[in-house]
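Colleague: Next come a sequence and a model predicted from it.
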There are 2 protein chains.
Amino acid sequence: MTKSPIQSANEGKPMSQQELRALIAAADDAINREDFDALMAFYADDATLVVKPGMLAQGKAQIRQAFEAIAAYFNHSLRVSQGEMTIIEAGDTALVISRTLLSAHAKTDSPFAMERAATYVFRKDAAGAWRCAVDNSYGTELLMPG
Amino acid sequence: MTKSPIQSANEGKPMSQQELRALIAAADDAINREDFDALMAFYADDATLVVKPGMLAQGKAQIRQAFEAIAAYFNHSLRVSQGEMTIIEAGDTALVISRTLLSAHAKTDSPFAMERAATYVFRKDAAGAWRCAVDNSYGTELLMPG
């Protein structure tokens, strides 16, 4: 359908992809430890978190409040990790599509999916550090069933 | 699970959401007319297009080449439009999740899905205009079936 020089996705896995994977793993670790001070460092000041479909938290104060509520909701047993991941970069912006796996041994009746195809948008700040701008663990499930 | 002041998604539908919807509709119109000069104006200079799973076009020259190949692939009968759309903004960055509908009366044997849950990332350029940075019509389907 196309010819060169169009590239294969993830070809060469540039340094920023490794950096983004390491950042996301460290953010998951902060969630799992409920270390919300550490967690907030991963977000841009004007970041938006999709708390659940139809509900957004905007800015670090709201995002922190949302993570505290989420931790309580899962009875402080939430564990988050990532599976397969695809990163699409465009200059200082990156769209991360990731299989996000959640477990919560002390909250087994949650109606929310515990395996998700998440979409995260990262952008580089003025100092060149990647920050999460949009954290949407629900991915395209935000749309009504088609 | 959370309390105020966390906001409902799309509350108030700010101006930028209307602007983004109008831009995407105009870009679809350019695709449908095969007006690739007009189409390129919607992309950031360093934008990335997911041509198909595993294949990226990066920068306007590659993106234009890809759209020309796509038009030929669909025997110049491709029509694109958007259905339900959710826009998650974070300052100068926006993640658009959109039901993307494709048809091609002269190419009925394509193996690619003609109804997609697409993910687009827009960012504002220095002049304050929204430009598409990541165009991924395949959404989270880029991941292997979970």
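Modeller: Ah, there it is. Source: prediction; values computed, not measured.

Colleague: the longest helix in chain A is where?
Modeller: helix A:15-33 (DSSP state H).

Colleague: buried stuff in that one?
Modeller: For helix A:15-33, burial by neighbour count (16 or more other C-beta atoms under 10 Å in any protein chain shown) applies to A:17, A:20, A:21, A:23, A:24, A:27, A:28, A:30, A:31. For glycine as for every other residue, the C-beta is placed from the backbone atoms N, C-alpha and C.

Colleague: next one: phi and psi at the closest residue to the last one other than its chain neighbours?
Modeller: Leaving aside its chain neighbours, residue A:31 sits nearest to residue A:80 (5.1 Å; criterion: C-beta to C-beta, 6 or more residues apart in numbering or on different chains). Phi and psi for residue A:80, reported as degrees, to the nearest 10, are phi -120, psi 140.

Colleague: neighbours around residue A:80, how many?
Modeller: 22 (other C-beta atoms under 10 Å in any protein chain shown).

Colleague: List the beta-bridge partners for it.
Modeller: With DSSP bridges as the criterion, residue A:80 is bridged to residue A:102.

Colleague: how far away is residue A:134 from residue A:64?
Modeller: 17 Å (C-beta to C-beta, to the nearest Å).

Colleague: For those two, indicate the residue with more neighbours.
Modeller: Ranked by neighbour count (other C-beta under 10 Å), residue A:134 and residue A:64 place residue A:134 first, with 25 against 17.

Colleague: Give me the sheet partners of whichever strand or helix holds that one and which way each runs.
Modeller: Applying DSSP states H and E as the criterion places residue A:134 in strand A:130-136. Here strand A:130-136 has these sheet partners by DSSP bridges: strand A:43-52 (parallel), strand A:115-124 (antiparallel).

Colleague: Run a quick check on residue A:118 versus residue A:97, I expect a contact.
Modeller: Yes: using C-beta atoms under 8 Å, residue A:118 is in contact with residue A:97, at 7.2 Å.

Colleague: and for those two, which residues touch both?
Modeller: A:139, B:140 (C-beta atoms under 8 Å, 6 or more residues apart in numbering or on different chains).

Colleague: what bits of chain A have low per-residue confidence?
Modeller: Residue ranges of chain A with pLDDT under 70: A:1-13, A:145-146.

Colleague: on that earlier part again, among the buried residues of helix A:15-33, find me the one that's closest to chain B.
Modeller: residue A:17 (12.6 Å; C-beta to the nearest C-beta).

Colleague: Number of residues surrounding the spatially closest residue to the closest one that is not a sequence neighbour?
Modeller: Nearest residue to residue A:17, sequence neighbours excluded (C-beta to C-beta, 6+ apart): residue A:87, at 4.9 Å. Neighbourhood size, residue A:87 [other C-beta under 10 Å]: 22.
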